[in-house]
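*Asks:* here's my sequence, what's the structure:
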Amino acid sequence: MSHQSDLIATDIDAYLDQHENKELLRFLTCGSVDDGKSTLIGRLLHDSKMIYEDQLAAIQNDSKKVGTTGDEIDLALLVDGLQAEREQGITIDVAYRYFSTAKRKFIIADTPGHEQYTRNMATGASTCDLAIILIDARHGVQVQTRRHSFIVSLLGIKHTVVAINKMDLVDFSEERFEQIKQDYLNFAQGLGLKDIHFAPISALKGDNVVNPSENMHWYSGDSLMQTLENVEIAGDANFDELRFPVQYVNRPNLNFRGYCGTLSAGIVRPGDAVTVLPSGKSSKVKSIVTFDGELPEAFAPMAVTLTLEDEIDISRGDLIVHSDQVPEVTNRFAAHLVWMSEQELIPGRSYEIKLASTRTAGRVSAIRHRIDVNTLEQSPAATLGLNEIAQVEVTLERPIVADDYRRHKGTGSFIIVDRLTNATVAAGMIQAEAEDDSAIELHAESIISTQQRAERFGQKAALVQIKATDATQGATLLYTLEQQLFNRGRLPLALTFQNTEQVAALKAAGLLLLTQRDDFEADLVLEADAELPPTAQVKALLQKIQQADLI
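*Replies:* Alright, predicted model coming up:
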């Protein structure tokens, strides 16, 4: 491997010191299928001379077997590691690659372009500073381009490079480049992407990737590599507000009590007045301890141990903040949620919520709306399926600091874990509620339609009468059926009154009403089969309600 730095050949210790002190940039590549994401990463590694000779020989050999570039080396094979990826010529999993130049260290996440792998892309993008969105110069802005741009915006990535690839297939046309650039800017206006760079490239030929292109003299901007090396990311971190999630209480003997963790934001110094949340107890920082000794200050993302002047009750999951900047604690917050499980989200079901070092039971108490990631349209939803994104309300069993994700990634993001399977089923980004009234529209009468209520609750408003052999059995079936419908995220109500006007009002509100009484005009009458066991009767009733298209 030939490295750009001469130090590696003359003074390995000096090279390692220099390498350790380089700034790290994490970035991802995304775009439509076959836009050339893996080829671009391969070109970056190849032209930066970051490929070992034996690795290059292996790729040349594989190019003859499964390559897609004819007689030329298929650089996409450097990152398409799964056999299924190579056979299909697509990216499925998130592939990470590491390289460096004289100016910076880089971690690349090559994320899938297919819609069914949205969860994989969200995982790869969650820690990135910059996103490269590839656009095929022949096709322009596509549906997947819009989807990936929305996810980039949703995950708070502050820098975006729109790389218009395959310029060699449109004769390196400046007019085509400018047209795609304007189309993308028109679309991106509503996404909140602030720092957008554009670059015309050919990943296959190498034009304007690392080295300037000889075929596009009309382009005077930086090459893609120059942009990656020079984009300013130091100011992206939040050093204004201290956030120190306690991961471990270090108590090796009676004379020492330290609180270990990684600063997710802010700067801390000995003597700082701090408050522990959610308890609200206060103290001062006594010292900042590391393996190499005490420090005069620490800042994000350093991992340190803090000691305090007072012995106060602190445990894993608590958050240390500056006393003059104490945020609110709450057990309810709004968030954007990416659902990652094949099993649907059930609002109201208890899950484990993991936020920073905190673990607590909680639930998605409501789905405000589902977001179509292709069109950005919002629609009511009763549940969420795999790869779907929605704005939701989350309720926890214990109060926490719920920071806005755009300001605090570390304490503004969380995952949801299924308590039975221990599988991660969702990732969420906390969204601070607007403090002004600009988002509130006043209405003199209800504007929510019956159809909107049905879509939100996942059910049709109806009155269902349950007939049973006796009243006691009927009551058991009624309330068990109510519970089963509620567990499925629906909004049922077993009636205990006989007021006709109240029944009409509840139906107008979208509820699915259940009753044993026969003096109401029921929309559906179901008779329980007395020959079946009670649980089988409930299942049969549920099936009939589904067949009636009420849920």
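*Asks:* now do the contacts for the closest residue to residue 142 other than its chain neighbours.
*Replies:* In space, and not counting its chain neighbours, residue 142 is closest to residue 32: 4.5 Å by CB to CB, 6 or more residues apart in numbering. Heads up, the C-betas are built off the backbone N, CA and C, glycines and all. Residue 32 is in contact with 113, 134-136, 139, 142-145, counting by CB atoms under 8 Å, 6 or more residues apart in numbering.
*Asks:* pull the most distant pair out of those.
*Replies:* Spatial extent of these (CB to CB) is set by the pair 134 and 143 at 14.3 Å.
*Asks:* of those two, who's got more company?
*Replies:* Neighbour count, other CB atoms under 10 Å: between residue 134 and residue 143, residue 134 has more, with 25 against 12.
*Asks:* that one reaches residue 37, doesn't it?
*Replies:* Yes: assessed by CB atoms under 8 Å, residue 134 is found in contact with residue 37 at 5.7 Å.
*Asks:* overlap in contacts of the two?
*Replies:* Here residue 134 and residue 37 share the contacting residues 29-31, scored by CB under 8 Å, 6+ apart.
*Asks:* give me the subset of those residues lying in strands.
*Replies:* Among the shared contacts of residue 134 and residue 37, DSSP state E puts 29-31 in strands.
*Asks:* just send those residues back as JSON lines, with neighbour count too.
*Replies:* What follows is those, written out as JSON lines (neighbours: other CB atoms under 10 Å):
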{"residue": "29", "neighbour count": "30"}
{"residue": "30", "neighbour count": "27"}
{"residue": "31", "neighbour count": "25"}
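*Asks:* Throw those residues into JSON lines and include distance to residue 253 and pLDDT, thanks.
*Replies:* Converted to JSON lines, those look like this (distance: CB to CB, whole Å; pLDDT from 0 to 100):
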{"residue": "29", "distance to residue 253": "50", "pLDDT": "86"}
{"residue": "30", "distance to residue 253": "51", "pLDDT": "83"}
{"residue": "31", "distance to residue 253": "56", "pLDDT": "75"}
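*Asks:* and the helix or strand harbouring residue 182, average pLDDT?
*Replies:* Taking DSSP states H and E as the definition, residue 182 sits inside helix 174-188. Averaged across helix 174-188, pLDDT comes to 93.
*Asks:* 54 is where my numbering starts, stick with that
*Replies:* That works, and once the first residue is 54, the last one we named lands at helix 227-241.
*Asks:* now it: buried residues?
*Replies:* Using 16 or more other CB atoms under 10 Å as the burial criterion, the residues of helix 227-241 that qualify are 229-230, 233-234, 237, 240-241.
*Asks:* beyond it, next helix or strand please.
*Replies:* Next along the chain from helix 227-241, counting by DSSP H and E, comes strand 248-253.
*Asks:* after that following strand, next one along is what?
*Replies:* Using DSSP H and E, the helix or strand that follows strand 248-253 in sequence is helix 277-283.
*Asks:* thinking again about what came up before, return the closest of the contacts of residue 85 with respect to residue 573.
*Replies:* Within the set of the contacts of residue 85, residue 196 lies nearest residue 573; the separation is 48.1 Å, counting by CB to CB.
*Asks:* in this protein, what secondary structure element scores lowest on mean pLDDT?
*Replies:* Lowest by mean pLDDT, DSSP states H and E among the helices and strands of the chain is helix 136-141, with a mean of 45.
*Asks:* pLDDT below threshold where in the stretch 404-553 of the chain?
*Replies:* The model of the stretch 404-553 of the chain has pLDDT under 70 over residues 486-494, 551.
*Asks:* quick check: residue 462 touching residue 317?
*Replies:* Yes: using CB under 8 Å, residue 462 is in contact with residue 317, at 7.4 Å.
*Asks:* any chance of a markdown table for the ones in strands among the shared contacts of residue 187 and residue 90, columns distance to residue 427?
*Replies:* Listed next are those as a markdown table, based on distance: CB to CB, whole Å:
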| residue | distance to residue 427 |
| --- | --- |
| 82 | 20 |
| 83 | 14 |
| 84 | 14 |
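*Asks:* the one helix or strand residue 419 maps to: how far from the chain's middle?
*Replies:* Secondary structure from DSSP H and E places residue 419 in strand 411-424. For strand 411-424, the distance from its own C-alpha centre to the chain's C-alpha centre is 14 Å (CA atoms, centre = their mean, to the nearest Å).
*Asks:* partners of the next helix or strand after that strand in the sheet?
*Replies:* As assigned by DSSP H and E, the chain's next helix or strand after strand 411-424 is strand 431-432. Using DSSP bridges, the strands paired with strand 431-432 are strand 411-424 (antiparallel).
*Asks:* related to what we said a few turns ago, between the shared contacts of residue 187 and residue 90, which is nearest residue 246?
*Replies:* Checking the shared contacts of residue 187 and residue 90 against residue 246 with CB to CB, the nearest one is residue 83 at 13.2 Å.
*Asks:* so that closest one bridges to which residues?
*Replies:* Residue 83 forms beta bridges with residue 186, as assigned by DSSP bridges.
*Asks:* ok now do it, which residues does it touch?
*Replies:* Residue 83 sits next to 90, 164, 166, 174, 178, 184-187, 201, 204-205 when contact means CB under 8 Å, 6+ apart.
*Asks:* again, only this time at 7 Å
*Replies:* Residue 83 sits next to 90, 164, 166, 174, 184, 186, 201 when contact means CB atoms under 7 Å, 6 or more residues apart in numbering.
*Asks:* most neighbours, which of those residues?
*Replies:* Comparing the contacts of residue 83 by number of neighbours (other CB under 10 Å), residue 90 comes first, having 31 neighbours.
*Asks:* ok, now how distant is that one from residue 185?
*Replies:* From residue 90 across to residue 185, the span is 8 Å (CB to CB, to the nearest Å).
*Asks:* who touches both of those two?
*Replies:* residue 82.
*Asks:* report how many residues lie close to residue 604.
*Replies:* Using other CB under 10 Å, residue 604 has 18 other residues around it.
*Asks:* host element of the closest residue in space to it that isn't next to it in sequence?
*Replies:* Spatial nearest neighbour of residue 604, chain neighbours left out: residue 512 (4.8 Å); criterion: CB to CB, 6+ apart. Counting by DSSP H and E, there is no helix or strand that carries residue 512.
*Asks:* count the neighbours of residue 512 for me.
*Replies:* With other CB under 10 Å as criterion, residue 512 counts 23.
*Asks:* kindly report the same for residue 211.
*Replies:* Neighbour number of residue 211 under other CB under 10 Å is 18.
*Asks:* kindly indicate which of the shared contacts of residue 187 and residue 90 lies nearest residue 393.
*Replies:* Nearest to residue 393 among the shared contacts of residue 187 and residue 90 is residue 83, at 17.2 Å by CB to CB.
*Asks:* coming back round to it: now tabulate the buried residues of helix 227-241 in JSON lines and tack on distance to residue 222.
*Replies:* Listed next are these as JSON lines, based on distance: CB to CB, whole Å:
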{"residue": "229", "distance to residue 222": "10"}
{"residue": "230", "distance to residue 222": "13"}
{"residue": "233", "distance to residue 222": "13"}
{"residue": "234", "distance to residue 222": "17"}
{"residue": "237", "distance to residue 222": "18"}
{"residue": "240", "distance to residue 222": "22"}
{"residue": "241", "distance to residue 222": "24"}
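*Asks:* show me where the stretch 504-604 of the chain has its helices.
*Replies:* Taking DSSP state H, counting those that start in this stretch as the criterion, the stretch 504-604 of the chain carries its helices at 524-540, 553-561, 587-600.
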